[in-house]
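Visitor: Sequence first, predicted model second:
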Amino acid sequence: MSSKAAEAPSPPAAAEGELELHLEVVVVPVSDVERAKAFYTERLGFNADVDRQVSEEMRVIQLTPPGSSCSVTIGTGLGAMEPGSLKGLQLVVSDIRRARDVLAARGVDISEVQVFDEGSRRPAEDGDELDFAGFAFFGDPDGNGWAIQQMPAGR
């Protein structure tokens, strides 16, 4: 496979009578809620939509990446996942190099831009087609694993 990626098809619209499902929230397990909230808002630029102490045992903080319709929730009393155990979360941007530079400037420990080529990752080079193939990787303070992928603008 070359570094030139084929364009992915648009998802089909729900047919008459089919159930339409929208992913709206992903719970991210963290050990220190204040540290995680600061990381997601100050370093990644997520919006803090909700910060509510529901009970003595439960606090819910909902954070949304700018432009996204899916949020993440961190807090206390949310479930049994171990902090740092969530891997494979993915954000999508139209310019991976710019996104990587902005996050690095904000203090995020993020990989260089990489492409998948012939079944493995390699550093991106000038001239590489990055739509669908360009990625950068980072973890939150607990080690939950994130990827950023470049996708065509307006897809």
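Guide: Happy to help now that I have it.

Visitor: For the longest helix seen in the chain, list every residue counted as buried.
Guide: Under DSSP state H, the helix in the chain containing the largest number of residues is helix 96-105. The neighbour-count criterion (16 or more other C-beta atoms under 10 Å) identifies Ile96, Ala99, Arg100, Leu103 as the buried residues of helix 96-105. All C-beta spots, glycine's among them, are computed from the backbone N, C-alpha and C.

Visitor: same deal with stretch 114-129?
Guide: Gln114, Val115, Asp117, Ala124, Asp128.

Visitor: tell me how far the ends of that stretch are from each other?
Guide: 11 Å (C-alpha to C-alpha, to the nearest Å).

Visitor: for this structure, what spans make up the helices?
Guide: Going by DSSP H, the chain shows helices at 33-38, 96-105.

Visitor: tell me what the first one is packed against?
Guide: On a contact count with 3 or more C-beta pairs under 8 Å, 6 or more residues apart in numbering; DSSP states H and E, helix 33-38 meets strand 59-64, strand 71-76.
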